[in-house]
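Novice: take a look and give me a structure for this.
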Amino acid sequence: MEPTRTNRDKLQSEKEGLTLRLIHITDLHFTRGNAFQKALTASLLVDAKTLYDSGFAPDFVLFSGDLVNNPDEAGIYKECEEAVIRPLLDVFRLAPSQLILCPGNHDVSHRALKEWADERTKLAGAMAASQSRLDQHLTLAPTVAYARALSEDFFDLSRRCGHIWINPFAHCYNFPKQRVSFVSPIAVTAVEPKGLRLIAGN
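Specialist: Sure, this is the predicted structure:
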């Protein structure tokens, strides 16, 4: 299991005079029944409180992929929400809507890839053919259903936090008050289960 990577980012636009502060976390790989995971979570929350107490108050928390280790574990996203996400938002006094989620290859269900193998093959064919064919293919109901099935529990978590992915291939988080948007794509849709393991290994 890779250690979680955390970043403090400060974005500033001189033109607008706007400053944004982000907490950026990636590769959490949340799983249950793992002593290292529990220690990692505890350390993350302690570090977050130290940051907040020092005066660092972020506008958003961003998770950029691999929120869980195995999305096919029943209820794992709900458990991650209760053990990590909600406590982290509470530390920073942020609402769930100020959470930005971007899926990674570990947020793609191996079970769904196998169950929807025919749709995966069709999508791969459209990608190899041309941009116009791919654009058309992405509008088909079976293709959309396939994309939703790949990360169903991830989408449910995002919905509980106030962000509904109308398009299962990408979502734009808009924050008019802060005059900022974040685009979150799903990049792993036509890969085979073996390919997912290769991605995870590299």
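Novice: which residues touch Pro103?
Specialist: Gly65, Leu67, Ser151, Phe154, Ser184, Ile186, Val188 (CB atoms under 8 Å, 6 or more residues apart in numbering). Quick note: C-beta positions are derived from backbone N, CA and C, even for glycine.
Novice: for those residues, which single residue is the most surrounded?
Specialist: With neighbours taken as other CB atoms under 10 Å, the top of the contacts of Pro103 is Leu67, carrying 28 neighbours.
Novice: need phi/psi at it.
Specialist: phi -60, psi -40 (degrees, to the nearest 10).
Novice: could you check how far the closest residue to it other than its chain neighbours is from Leu134?
Specialist: Distances taken as CB to CB, 6 or more residues apart in numbering put Leu28 closest to Leu67, at 5.5 Å, once the chain neighbours are dropped. Going from Leu28 to Leu134 by CB to CB, to the nearest Å gives 31 Å.
Novice: the more surrounded of the two?
Specialist: Leu28 (27 against 16).
Novice: and the longest helix along the chain, how far from the chain's centre?
Specialist: In the chain, taking DSSP state H as the definition, the longest helix is helix 35-53. Between the centre of helix 35-53 and the centre of its chain there are 20 Å (CA atoms, centre = their mean, to the nearest Å).
Novice: which element is the residue nearest to Leu67 on?
Specialist: Using DSSP states H and E, Leu28 sits in no helix or strand.
Novice: check what pLDDT it gets.
Specialist: Here, the pLDDT recorded for Leu28 equals 93.
Novice: what residues are up against it?
Specialist: Counted by CB under 8 Å, 6+ apart, Leu28 has contacts Thr4, Phe63, Asp66, Leu67, Val68, Cys80, Val84.
Novice: try it again at 7 Å.
Specialist: Counting by CB atoms under 7 Å, 6 or more residues apart in numbering, Leu28 touches Thr4, Phe63, Asp66, Leu67, Val84.
Novice: so which of the residues you listed is the most crowded?
Specialist: Leu67 (28 neighbours).
Novice: ranking helices and strands of the protein by mean pLDDT, which lands last?
Specialist: The helix or strand of the chain with the poorest confidence is helix 193-201; it has a mean of 45 (mean pLDDT, DSSP states H and E).
Novice: one step back: which elements pack onto the helix or strand just after the longest helix of the chain?
Specialist: Later in the chain than helix 35-53, the nearest helix or strand by DSSP H and E is strand 60-64. For strand 60-64, the elements it packs on are strand 18-26, strand 99-102, judged by 3 or more CB pairs under 7 Å, 6 or more residues apart in numbering; DSSP states H and E.
Novice: so strand 60-64 versus helix 35-53, what angle?
Specialist: Using axes from the mean of the first three to the mean of the last three CA atoms, to 10 degrees, the direction of strand 60-64 lies 150 degrees away from that of helix 35-53.
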